[in-house]
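> Fold the following.
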Amino acid sequence: MKRSKVKELLAAGKTGTDVLVKGWVRTKRGIKNVAFIALNDGSTVNNIQIVVDVANFDEELLKNITTGACIGATGKLVESQGQGQSVEIVASSIELYGACDPETYPLQKKGHSMEFLREHAHLRPRTNIFGAILRIRHAMAFAIHKYFNDHGFKYLHTPIITSSDAEGAGEMFHVTSFDLKNVPLDENGEVDFSKDFFGKATNLTVSGQLEGELGALALGEIYTFGPTFRAENSNTPRHLAEFWMIEPEMAFYDINDNMDLAEDFVKYLIRYALENCAEDLEFLNKMVDNSLLERLKFVINNSFIRMPYTEAIAILEKADKKWEYPVSWGCDLQVEHERYLVEQHFKCPVILTDYPKDIKAFYMKQNDDGKTVRAMDVLFPGIGEIIGGSQREDDPDKLGARIRELNLPKKDLWWYLETRKFGSAPHSGFGLGFERIMLFVTGMSNIRDVIPFPRTPKNAEF
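Residues are numbered from 1 along each chain as shown. Predicted coordinates:
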């Protein structure tokens, strides 16, 4: 008999048929001569109840069916006699695939803290909350590809190993084939990377943007979607050392086109979640954040406020609020500033533009005032910055001057500069941290809880 998914059985509700389900036991309880097994197979947050006539089954088998055990059950789908489910299965046979020691199984019926579940990340997908999060994560990844495919973008695979630092931050993981006990040095006592695998110093990428621009300047519109890495010693609820980034790059887009795309894109993702993950979102709204659904609907039903950084600074300076980080023109906005603008002042998402060039990356298009660049940051409630982007500098002279001004290694960026010499074009792009949008869509408060196996300082378990 072909296996049926729990989600399908609960949705169809076709009683009177023989079915086969396989999954993991959430609970088992009994009254008199009847046992009730709640089974979940990961297809839905809801369990299906299996009703067992104890007299018809081996006592030793039933004793081994405990919380966490993996079983297959065959039986007739009938209308449920109890509350909480519309249908249930009256079991005719049960097969035990994998027993689970109830004394040592970490996931008991009681509630567990997020910290405890992070320590057991190999098992936490079996909990209702993480099952819901991972199903939503899948749906969001699919929606990203669907959106860009439907809008004519090409999916570009940019390298994970690179010799360039797109952000200029220098906080990168080094990649080497050297025996670390015997690293070759040159005559100056420096590491001799000419003897390394790639013949030069290489790192794990912090962004696929620079290579993405090369694709956009040939294919028109591209996007990247893959893992990126930051060797930043930040133990905060908003930072990971390994995370996923979505980075579209578009030829012939100016900063306004870029903002239009960013707003349309994030609204599409939220709308897709509301339409396709309703069951899981309702569960998270109930268990994690009872304002989640209201907040998601608010974002898709309202236009984003757009304003220059300079105006935002003026608002923050006038605010009747004591800042942990003082505000003045030229400062890099902190989460407290971003969230004040979104949650208290405007009460809707905000896109800030025209930032001081000194706090932004070298590749951003310079404005005529000589002080600001055509950057844009999209700010969301509860998160702060969720998207960062800009119109890119397409003038080769200005780009070269900026690279020299910042003392960046021109020898490593020659290929990037050549795109401005050979058929340069106005172009723009942005980066959306996948885990940041996942935080917003799920209502979770810690970024470690929206990725299956978080990588953070001093933590690379599983």
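
> buried stuff in stretch 123-130?
Applying a neighbour-count criterion of 16 or more other CB atoms under 10 Å, the buried positions in stretch 123-130 are 124, 126-130. Placement of C-beta: from N, CA and C, glycine included.

> Stretch 442-459 now?
Within stretch 442-459, judged by 16+ other CB under 10 Å, the buried ones are 442-444, 447-451, 454-456.

> try stretch 76-86
Neighbour counts over stretch 76-86 (16+ other CB under 10 Å) mark 77, 80 as buried.

> Tell me the gap between it and the middle of its chain.
37 Å (CA atoms, centre = their mean, to the nearest Å).

> Likewise for stretch 253-272?
That offset, for stretch 253-272, works out to 17 Å (CA atoms, centre = their mean).

> hmm, who's touching it?
139-140, 143-144, 146-147, 248, 250, 296, 299-300, 303-304, 306, 349, 351, 353, 365, 374, 376, 378, 386-387, 389-391, 426-430, 432, 437, 440-441 (CB atoms under 8 Å, 6 or more residues apart in numbering).

> With stretch 278-295 instead?
44-46, 128-129, 131-133, 135-136, 273-274, 296, 381-382, 441-444.

> same thing but 10 Å
Under the contact criterion CB atoms under 10 Å, 6 or more residues apart in numbering, stretch 278-295 has outside partners 7, 10-11, 44-46, 111, 128-129, 131-136, 139, 270, 273-274, 277, 296, 298, 380-382, 440-445, 449.

> Quick check: PyMOL command selecting the buried ones in the residues you listed.
Those of these that count as buried under 16+ other CB under 10 Å are selected in PyMOL with:
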select buried, resi 7+10+44+45+46+128+129+131+132+133+134+135+136+139+270+273+277+296+380+381+382+440+441+442+443+444+449
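
> So which of the contacts of stretch 278-295 are in strands?
Of the contacts of stretch 278-295, the ones assigned to strands by DSSP state E are F380.

> Show me which of the buried residues of stretch 442-459 is closest to E336.
I447 (17.6 Å; CB to CB).

> got the contact list for the closest one?
236-240, 243, 383, 433, 435-436, 438-439, 454, 456.

> Find the nearest non-adjacent residue to it, please.
E435 (5.0 Å; CB to CB, 6 or more residues apart in numbering).

> and that neighbour, how many neighbours does it have?
E435: 23 surrounding residues under other CB atoms under 10 Å.

> And the biggest strand by length in the chain, what's buried?
Longest strand of the chain, by residue count under DSSP E: strand 18-31. Neighbour counts over strand 18-31 (16+ other CB under 10 Å) mark 19, 21-26, 28 as buried.

> Could you list every helix and strand that that strand packs against?
The contact analysis (3 or more CB pairs under 10 Å, 6 or more residues apart in numbering; DSSP states H and E) places strand 18-31 against helix 6-12, strand 34-40, strand 48-53, strand 70-79, strand 87-98.

> from memory K371 sits against I359, does it?
No - using CB atoms under 10 Å, K371 is not in contact with I359, being 11.2 Å away.

> Now the common contact residues for the two.
Counting by CB under 10 Å, 6+ apart, the common neighbours of K371 and I359 are G330.

> E317 contacts V327, correct?
Yes - between E317 and V327 there is a contact under CB under 10 Å: 5.6 Å.

> The two: who's more crowded?
V327 (20 against 12).

> what's the closest residue in space to the more buried one that isn't next to it in sequence in contact with, if anything?
Once flanking residues are discounted, V327 sits nearest to L316: 4.5 Å by CB to CB, 6+ apart. When contacts are counted by CB under 10 Å, 6+ apart, L316 touches 323, 326-328, 331, 333, 336-338, 340-341, 345.

> now A312
Going by CB under 10 Å, 6+ apart, A312 touches 305, 327, 333, 337-338, 340-341, 345-346, 350, 352-355, 377, 379.

> among those residues, which are in strands?
Filtering the contacts of A312 for strands - DSSP E - leaves 305, 350, 352-355, 377, 379.
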